[in-house]
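Novice: Take a look and give me a structure for this.
(one chain, ligands or ions: 1)
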Amino acid sequence: MTKSTKTAKDTFAITTPLYYVNDLPHIGSAYTTMAADAIGRFERLRGKSVLSITGTDEHGLKIERTARKNERSPQEHCDLIVQGFEELWELLNIQYDRFSRTTAKAHSEIVKEFFQRVWDRGDIYLNQQKGWYCVSCEEFKEERELLTEKRCPIHTNQQVEWRDEPNYFFRLSKYQEKLEALYQERPEFILPETRRNEVLSFVSQGLQDFSISRVNLDWGFPVPADPEQTLYVWFDALLGYVTALLDADDEPTLENALSKWWPIDLHLIGKDILRFHAVYWPAMLMSADLPLPGRVFGHGFLTKDGKKMGKTLGNTIDPVELVKKYGPDAVRYYFLKEIEFGQDGDFKESRFINILNADLANDLGNLLNRTLKMALKYCQGQVPNVNGEDVPAAHPLKAIGINLGDRVAEAYQTLAFSKACEDVLALAKACNKYLDDLAPWTLYKQGETEAVAEVLYSVLESVRLAAYLLSPVVPNISTAIYQQLGFSTDFNDRAGIQDSARYLEHASWGCLKANQALGEPQPVFRRLEP
Ligand code: MSP
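Specialist: Residues are numbered from 1 along each chain as shown. So this is what the prediction gives:
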């Protein structure tokens, strides 16, 4: 087996979960995907080759039953729902490189080969599985976890089902010590800290082998060693991350799949599927003797108006409706800025409108607009004749801007999106105060043209820096700002944007060139009306 040839320095592979296709995408799927997109865009901005993976998890009893209920074949059903995902990603301006479907032809080959490696290791055996199964989770539950009337603690309106059947098991227990060593040696493997502690506590209770096959299920792959049984959907789904790494014309072998992008740098997931990614998945990979992913980050859950969201409660948020109403940047900004990534967070429409108006329409948009208008009037529509390097380091805006790039980069790298946005917004707020304090309109009347030039230059340059650093979150607004400042940059142009030298220049304060022709001042974000 060829081990990975990638270097940590120049490539970055990131995944969202592969979403179930029992229904159209909900806001939870959109949330993980927006976050993954922001990270992917940030890494690309600073020059890395990025492979951003999303996709769908299409096998299993849940999908089989949903298709039957809708009087479709499972494949027809999957194809239909997949379109809904692709449409939403387009609306949300998600740049993904691979859409991995577990029904893709190449996937079955990868699964077979992987299964064989684990089988050859002696880590799969036949045993009797008895227990309570939640079809919505596609997971066995401990009796003590269940709510009254044997309902699932996650899908509270669903009753679990009793199973007593022969299944193939994976020897998870064999990997107890190796997993514990992994968590100790690589504390960043599970993030954030609270999630890591959950896993440590779960693992310390002793790991049980888990069943990786089902009987009486057609919709899935036959177990290679025993075609009477169907492979458990999670065993198949996690491998979808590997299949995604194949190029379109690659022969579907593990060697090809793992040759360029493996190991994946970051799996972004919600907290409900942490065990699968932080315990089962690394153990499966250890068994197959493959390198492990870099980090697994489990984010929190979204609520609406303070309440758990659910179809039965009738309070779900339709991401398509939201983005059609407010546009992609607004939706991306709200969820990434307003909710500390890792914590649970709430959506409230009135708060949504207030945040967007305050941050994007006022603090940033209006700031640019009024400064550009002054530059038109006082500086012939050009960047004032000032060299960023000549502005003293103690200048109130330069002092903030000078290491903002480093702070924001650190925030993105640790997935602290809200901190990244807040740090950038603090610069915009400082600009507004600075303009009000220095009143360039008065300086102009007093004939202080040099002072006017420095004030306007330093504000325009700060807005530029803000736009550059926010571009992973609000690429359209950042593009509009850059174009009004006289650049031809398009932050949605993947190839054009991936440039490490340009990153060093643009993520620093002072790169705006004197006398560059400015564009037409136009609102970059229109105020939202409640
Ligand atoms: N198919 C599996 C993943 C397999 S990965 C190899 C799955 N799919 S899912 O569609 O049910 O969930 C996808 C993601 O949506 C999970 O990360 C889950 O945490 C997230 N969310 C579901 N509801 C959510 C909220 N209310 N809030 C935030 N995220 C939520 O699990």
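
Novice: make it CA atoms for all contacts and neighbour counts henceforth
Specialist: OK.

Novice: tell me which parts of the stretch 151-300 of the chain are close to the ligand?
Specialist: 237-238, 269-273, 300 (Cα under 6 Å from any ligand atom).

Novice: brain fart, the chain
Specialist: So the chain meets the ligand at 17-20, 28-29, 57, 237-238, 269-273, 300-302, 309 (Cα under 6 Å from any ligand atom).

Novice: Can you tell me which of the residues you listed are buried?
Specialist: 17-20, 28-29, 57, 237-238, 269-271, 300-302, 309 (16 or more other Cα atoms under 10 Å).

Novice: Okay, and which of those map to helices?
Specialist: With helices taken from DSSP state H, the overlap with those comprises 28-29, 237-238.

Novice: got those residues as a markdown table, with distance to Gln208 and pLDDT columns?
Specialist: Formatted as a markdown table, these follow (distance: Cα to Cα, whole Å; pLDDT from 0 to 100):
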| residue | distance to Gln208 | pLDDT |
| --- | --- | --- |
| Gly28 | 30 | 90 |
| Ser29 | 30 | 92 |
| Ala237 | 20 | 97 |
| Leu238 | 19 | 98 |
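
Novice: Return the closest of the residues you listed with respect to Asn157.
Specialist: Gly28 (18.6 Å; Cα to Cα).

Novice: In this protein, which residue sits nearest the ligand?
Specialist: Gly270 (3.0 Å; Cα to the nearest ligand atom).

Novice: OK, contacts around that residue?
Specialist: Contacts for Gly270 (Cα atoms under 8 Å, 6 or more residues apart in numbering) come out as 32, 297-301.

Novice: could you redo the last one with a cut-off of 7 Å?
Specialist: Shown in contact with Gly270 (Cα atoms under 7 Å, 6 or more residues apart in numbering): 298-300.

Novice: Let me see the contact set for Asn357.
Specialist: 527-528.

Novice: ok so, going back, would you convert the residues of the stretch 151-300 of the chain next to the ligand into CSV that also reports distance to Tyr434?
Specialist: Formatted as CSV, those follow (distance: Cα to Cα, whole Å):
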residue, distance to Tyr434
Ala237, 53
Leu238, 52
Ile269, 41
Gly270, 41
Lys271, 42
Asp272, 46
Ile273, 47
Gly300, 37
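
Novice: any idea where the strands of the stretch 1-150 of the chain begin and end?
Specialist: Taking DSSP state E, counting those that start in this stretch, the strands of the stretch 1-150 of the chain run over residues 11-20, 49-57, 98-101, 124-134, 139-141.

Novice: Report the angle between the second one and strand 11-20.
Specialist: Our comparison of strand 49-57 with strand 11-20, counting by axes from the mean of the first three to the mean of the last three Cα atoms, to 10 degrees, yields an angle of 10 degrees.

Novice: What lies in contact with strand 49-57?
Specialist: Residues contacting strand 49-57 (Cα under 7 Å, 6+ apart): 10-21, 40, 43-44, 96-102, 237, 244.

Novice: likewise stretch 447-454?
Specialist: 384-386, 440, 443-444.

Novice: What about those, which are in helices?
Specialist: 440, 443-444.

Novice: Of those residues, just say which sits nearest to Asp250.
Specialist: Closest to Asp250, out of all of these and judged by Cα to Cα, is Pro440, at 61.3 Å.

Novice: residues near Ile124, how many?
Specialist: A total of 21 residues lie near Ile124 under the criterion other Cα atoms under 10 Å.

Novice: Show me how far the worst-scoring helix or strand of the chain on mean pLDDT is from its chain's centre.
Specialist: The element with the least model confidence among the helices and strands of the chain, by mean pLDDT, DSSP states H and E, is strand 307-308, at a mean of 80. The chain centroid and the centroid of strand 307-308 are separated by 22 Å under Cα atoms, centre = their mean, to the nearest Å.

Novice: likewise stretch 117-132?
Specialist: 33 Å.

Novice: And stretch 395-405, by the same measure?
Specialist: With Cα atoms, centre = their mean, you get 28 Å for stretch 395-405.

Novice: Quick one: residues in contact with that stretch.
Specialist: 393, 427, 430-431, 458, 462, 507-509.

Novice: if we can go back for a sec, who wins for most neighbours among the contacts of stretch 447-454?
Specialist: Neighbour max across the contacts of stretch 447-454 (other Cα under 10 Å) = Pro384, 28 neighbours.

Novice: That residue contacts Ala517, correct?
Specialist: No: between Pro384 and Ala517 there is no contact under Cα atoms under 7 Å: 9.7 Å.

Novice: now the helices for the stretch 251-400 of the chain?
Specialist: 254-258, 274-275, 281-287, 319-326, 328-338, 349-356, 367-378, 396-401 (DSSP state H, counting those that start in this stretch).

Novice: swap in the stretch 401-530 of the chain?
Specialist: 404-413, 417-438, 440-445, 449-470, 475-484, 494-497, 500-506.

Novice: Go through the ones you listed and name the closest to Lys260.
Specialist: helix 494-497 (18.9 Å).

Novice: What residues sit buried inside the closest one?
Specialist: For helix 494-497, using 16+ other Cα under 10 Å, the buried residues are Ile497.

Novice: Grab the nearest non-local neighbour of Trp132.
Specialist: Closest residue in space to Trp132, ignoring its immediate chain neighbours: Trp162 at 4.7 Å, by Cα to Cα, 6 or more residues apart in numbering.

Novice: what's around that neighbour, how many residues?
Specialist: For Trp162, using other Cα under 10 Å, the count is 13.

Novice: can you check Trp441 too?
Specialist: 15.

Novice: Begin at 679 from now on, thanks
Specialist: Sure, I'll start counting at 679 from here, so that last one is Trp1119.

Novice: so how far is Pro865 from it?
Specialist: 54 Å (Cα to Cα, to the nearest Å).

Novice: Next: His977.
Specialist: 17 Å.

Novice: In terms of neighbours, single out the busier of those two.
Specialist: Each of His977 and Pro865 has its neighbours counted (other Cα under 10 Å); His977 has more, 25 against 14.

Novice: Would you confirm that the more buried one contacts Glu1018?
Specialist: No: in this structure His977 lies outside contact range of Glu1018 using Cα under 7 Å: 9.1 Å.

Novice: in what helix or strand does the spatially closest residue to Phe954 that is not a sequence neighbour lie?
Specialist: Excluding the flanking residues, the one nearest Phe954 by Cα to Cα, 6+ apart is Trp912, at 7.8 Å. Element membership for Trp912 (DSSP states H and E) is helix 911-916.

Novice: repeat for Glu858
Specialist: helix 854-863.

Novice: Tell me which residues of that helix come out buried.
Specialist: 854, 857-858, 861.

Novice: same check, this time on stretch 822-842
Specialist: 824, 828-831, 837-838.

Novice: Including secondary structure and pLDDT, could these go into CSV?
Specialist: Shown next, in CSV, are these (DSSP: H, G, I helix; E, B strand; the rest coil; pLDDT from 0 to 100):
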residue, secondary structure, pLDDT
Leu824, coil, 95
Lys828, helix, 94
Arg829, strand, 94
Cys830, coil, 92
Pro831, coil, 89
Gln837, strand, 93
Val838, coil, 95
